[in-house]
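Trainee: just coords:
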């Protein structure tokens with residue numbers, strides 16, 4: 001399996017794996033329509049557009065987008081468009097659901113309501129796939145958007161989901177760092193004690209094809225120089241490509257810091273349902289939305305059909 005170190009490589013690999021059938025909920029949005037058009041032109045996806053058909057066609061004309069080979073399902077209401085998109089997934093018409101104009105909570109509610117039939121026994125979690133300037137690898141960071149204050153059992157599932165995403169997107173042996181405000185287990189910092197329990201589940205992590213370590217400070221986890229200076233050794237310290245935060249607030253703040261201060265980019269996925277759910281931000285430019293769609297398509301292509 002090709003090791004994917006950048007968004008450009010991800011797009012190239014997704015082209016060879018596609019086209020994957022995807023459905024876009026509330027597709028009457030400029031950025032997602034541009035991204036879908038390019039993804040289809042590159043052979044990454046075969047898209048179905050659910051949304052306001054008149055607006056979709058008008059946007060395509062105004063921006064000279066080729067959507068003639070895409071099926072269009074007219075549903076002007078955003079919430080109803082999300083429900084319709086999940087119906088298309090449930091009946092086998094798509095292997096990825098992509099968020100368009102609809103708000104993320106509405107999109108996820110449509111995917112996870114019992115009638116949609118997309119839930120599994122797995123925990124639903126968010127994994128951000130980050131490209132960070134100056135870093136020689138992609139970072140998979142979780143959970144910054146779904147599980148607010150995870151229990152120990154939920155953190156184990158968060159780690160498992162992130163491992164599955166990393167492996168599906170080209171990381172042969174994910175190196176998972178569990179983050180905290182210390183590089184050692186401290187009784188007065190309960191999260192570090194919890195991390196030690198998770199790290200001790202070595203048989204599970206070996207079976208899932210990953211290496212799990214912690215607790216780590218963020219810089220200890222990703223910088224070889226800093227990890228050596230702090231005498232933190234092993235196969236994860238300084239070389240982590242999967243970062244697991246203690247709660248949604250810390251992960252969300254870290255993600256925003258990467259995108260706004262370091263000029264990094266994030267492709268957002270929600271996993272644990274029967275198909276990948278692509279949840280790019282409406283503030284993302286078309287290029288980032290394209291990568292989001294490609295990540296979801298590649299993950300679906302490398303997973304068993306639901």
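Mentor: Structure's in. What do you need? Only a predicted model underlies this, so the values are computations on that prediction, with no experimental measurement involved.
Trainee: mind listing what's buried along stretch 32-48?
Mentor: Residues 32-40, 42, 44-48 are the ones in stretch 32-48 that count as buried (16 or more other C-beta atoms under 10 Å). All C-beta spots, glycine's among them, are computed from the backbone N, C-alpha and C.
Trainee: just give me how far that stretch sits from the chain centre.
Mentor: How far stretch 32-48 lies from its chain's middle: 18 Å, per C-alpha atoms, centre = their mean, to the nearest Å.
Trainee: the residue positioned nearest the centre of the chain is in what secondary structure piece?
Mentor: Geometric centre of the chain, nearest residue: residue 269, 2.5 Å, by C-alpha atoms, centre = their mean. Taking DSSP states H and E as the criterion, residue 269 maps to strand 265-271.
Trainee: now do residue 98
Mentor: Per DSSP H and E, residue 98 falls inside strand 96-99.
Trainee: downstream neighbour of that strand in the secondary structure list?
Mentor: Scanning forward in sequence from strand 96-99 by DSSP H and E, the next helix or strand is helix 104-112.
Trainee: angle of that next one against strand 265-271?
Mentor: Per axes from the mean of the first three to the mean of the last three C-alpha atoms, to 10 degrees, the angle that helix 104-112 makes with strand 265-271 is 30 degrees.
Trainee: the following helix or strand past helix 104-112 pairs with which strands, parallel or anti?
Mentor: Per DSSP H and E, helix 104-112 leads on to strand 125-131 as the next helix or strand towards the C-terminus. Sheet pairing of strand 125-131 (DSSP bridges) gives strand 139-142 (antiparallel), strand 265-271 (antiparallel).
Trainee: residues of strand 125-131 that come out buried?
Mentor: Residues 125, 126, 127, 128, 129, 130, 131 are the ones in strand 125-131 that count as buried (16+ other C-beta under 10 Å).
Trainee: what's near enough to touch the first one?
Mentor: Spelled out, it's residue 125. By C-beta atoms under 8 Å, 6 or more residues apart in numbering, the contact list for residue 125 reads 142, 143, 146, 147, 157, 158, 161, 162, 270, 271, 272.
Trainee: for the fourth one, give me phi and psi.
Mentor: Listed backbone geometry of residue 147 is phi -90, psi 110, with angles given as degrees, to the nearest 10.
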